[in-house]
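Participant: 3D model of this:
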Amino acid sequence: MRPRHQKCWLSILLVGLAFTSCDRFLGEDTNVDPNRSPTASLPTLLAAGIEATSNNHYLIANTTGLFSQHLASYFVGGSDSHNEVRLGDGWTGIYLTALSNLDVLVEQATAQNAPHYAGIGKVLQAINLGLAADTWGDVPFAQAFGGTGTLRPAYDPQPAVYQTIQQLLDDALADLAQPTSALRPGTDDLVYGAVGNIPKWIKAAYALKARYGLHTSKKGPQGGNDALNAVSSAFASNGDDLQLVYNSVNKNPWHTNVALPINTGNFTVGPSQQLVDAMNGTTYPAVDPRLPLMFDRRGNTAPYAGTVNGAAVGGNTNVTANTYYAREAAPVLIITFAETKFIEAEAEFLANGGTRTSVGGTQRAYSAYLAGIRAHMDKVGVTAADRDAYLAHPTVGVGSAGLTLELIMKEKFVTTFLNPENWVDVRRYDYDPLIYKGMSLPANHNPALNGQFIRRVLYPTDELNRNAVEVNKVIAGLADRVWWDQ
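Facilitator: You can find the predicted model right below:
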């Protein structure tokens, strides 16, 4: 794919460079397209790869959040009614501004004996490949970056893609365990920011291994067991989170594309009724203190109310520039300590015989559940007093004997706001109202789906046009389940 899209790279390269000051690593290769020349520096490639990965999380979540009912459209007939969606910008972001250039990074890092660059590059490859597979299903990778000889790459089956993701992470761990070399990431590492933070990338690789292991829990217990094994070596605190923090020059994409348009009356998406009702005391008795930090109310009217999916009515809340996720310098959260604690809680609950309707779990599962809530509340700025009061509420602090899968997934639902991971979870549990209380088909639901929930995104039109033979081998409908969802 890389040779077909050389013109895209320079703009992405410059965006990546903008995240660092000129004296950090702005050199002679600033205006060099790395797809045309092998001379782009590793710092340049790494910075641009991180920025592209973060932006891809935004691009995917901005649509899939409508399916999981994190978000709702302000217009009737939008994507939250499960109408046809192809997410061409997400495909372009993943393949043309991330994976193709991360392939260059890994190749050059390996050639230059820079294992830490190669390791970080493989972690980023795994993230982007996971986004693609979880959104579309079968996707190209093995043949995707072979130059002009593979302009129409075959699509890898999703089980093979998942094997590739885990192999990339294993290979990354091996690279990151190598002694440092003369070429090592420093301030060009836009996530962790300085020399000496390779241990955090190691934790991130383990966190991702846990995430992708748990995705396969429908296929049998091994995925959950793998998740439990990996999570023990993953993040230990919020300070380990894999995130990109934006600034007043390079602004958070939720700020730029969702919050700022609100100021001129150009509403696009807002918090869904499903999510807001889970937090405002409607669905559950405990009122969540994260509400005023995550959402703004128009006119400060009470109570908080989300927009009805598919109907574009009923809401008084917005994701504004005053809220945690959409400030101009807000981070995009790719995978966090809080998420890993919910991975641990769910995997441990299931490993000990828990079901969708059973009550009671182990102390490990319950402790992880509480730790996930605590970590996310600390992350978004809830006061210690409000946090502790919420944790002590009798419907939240239920003790290990009262723990349910519903409670674990409800809290993870809130914690993974604006993360594509949420739609993975909702599909893994079949949009089940026993797990996601109040979940139902959106209004004005796409009649072509015959009452079924959306399960995947359609392949982009451009991909159909240029690689029709291979796409038609794997093409599927909106209601067709991806591999791990079967």
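Participant: if I pick the closest residue to residue 473 other than its chain neighbours, what's in contact with it?
Facilitator: Of all residues not flanking residue 473 in the chain, residue 155 sits nearest, at 6.7 Å (CB to CB, 6 or more residues apart in numbering). No exception for glycine: its C-beta is placed from N, CA and C like everyone else's. Contacts for residue 155 (CB atoms under 8 Å, 6 or more residues apart in numbering) come out as 138-140, 470-471, 473-474.
Participant: of all the residues you listed, which two lie farthest apart?
Facilitator: Greatest spatial distance among the contacts of residue 155 (CB to CB): 139 and 473, at 12.4 Å.
Participant: was I right about residue 311 contacting residue 441?
Facilitator: No. Checked against CB atoms under 8 Å, the pair residue 311 and residue 441 is beyond contact range at 11.6 Å.
Participant: returning to what we had before: for the residue nearest to residue 473, give me the pLDDT.
Facilitator: Here the pLDDT value assigned to residue 155 is 97.
Participant: isn't residue 255 right up against residue 321?
Facilitator: Yes. Between residue 255 and residue 321 there is a contact under CB under 8 Å: 5.9 Å.
Participant: what residues are shared contacts of those two?
Facilitator: Joint contacts of residue 255 and residue 321 (CB under 8 Å, 6+ apart) are 327-328.
Participant: more neighbours, residue 139 and residue 473?
Facilitator: Neighbour totals were compared for residue 139 and residue 473, and residue 139 leads with 25 against 10 (other CB atoms under 10 Å).
Participant: could you give the mean pLDDT of the top helix by length along the chain?
Facilitator: The residue-count maximum for a helix in the chain (DSSP state H) belongs to helix 42-67. The average pLDDT for helix 42-67 rounds to 98.
Participant: Separate out the buried members of the contacts of residue 155.
Facilitator: Neighbour-count burial (16 or more other CB atoms under 10 Å) is assigned, among the contacts of residue 155, to 138-140, 470-471, 474.
Participant: Now secondary structure too, for those residues, in a markdown table please.
Facilitator: Shown next, in a markdown table, are the buried ones among the contacts of residue 155 (DSSP: H, G, I helix; E, B strand; the rest coil):
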| residue | secondary structure |
| --- | --- |
| 138 | coil |
| 139 | strand |
| 140 | coil |
| 470 | helix |
| 471 | helix |
| 474 | helix |
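Participant: tell me which of those residues is nearest to residue 395?
Facilitator: residue 139 (41.1 Å).
Participant: Nearest spatial neighbour of that closest one, chain-adjacent residues omitted?
Facilitator: residue 132 (4.4 Å).
Participant: Assign that neighbour to helix, strand or coil.
Facilitator: Classified using three-state DSSP, residue 132 is helix.
Participant: Also residue 72?
Facilitator: strand.
Participant: how about the strands in the protein?
Facilitator: Assigned by DSSP state E, the strands in the chain fall at 71-73, 242-245, 269-271, 296-297, 317-318, 331-335.
Participant: Of those, flag the one that's most buried.
Facilitator: strand 71-73 (a mean of 28; mean count of other CB atoms under 10 Å).
Participant: Now find how far off-centre that strand is within its chain.
Facilitator: How far strand 71-73 lies from its chain's middle: 17 Å, per CA atoms, centre = their mean, to the nearest Å.
Participant: ok, and what's touching it?
Facilitator: 62, 65-66, 79-81, 268-273, 306-310, 312, 315.
Participant: per the record, what domains does the chain have?
Facilitator: Domain segmentation of the chain under automatic domain parsing yields 2-237+447-485, 253-326, 337-428.
Participant: In TSV: the ones you listed, plus distance to residue 434.
Facilitator: Putting those into TSV (distance: least, CB to CB, whole Å) gives the following:
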stretch	distance to residue 434
domain 2-237+447-485	15
domain 253-326	13
domain 337-428	5
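Participant: pLDDT weak spots in the chain?
Facilitator: 1-39, 147-149, 195-196 (pLDDT under 70).
Participant: And residue 136, how close does it get to residue 80?
Facilitator: Using CB to CB, to the nearest Å, we find residue 136 at a distance of 19 Å from residue 80.
Participant: In terms of neighbours, single out the busier of these two.
Facilitator: Taking neighbours as other CB under 10 Å, residue 136 and residue 80 compare with residue 80 leading, 32 against 25.
Participant: Surely the more buried one touches residue 308?
Facilitator: No. Using CB under 8 Å, residue 80 is not in contact with residue 308, being 9.3 Å away.
Participant: Show me whatever sits in contact with both of those two.
Facilitator: By CB under 8 Å, 6+ apart, the residues touching both residue 80 and residue 308 are 72, 272, 442.
Participant: Indicate which one of the strands of the chain is closest to residue 48.
Facilitator: strand 242-245 (12.0 Å).
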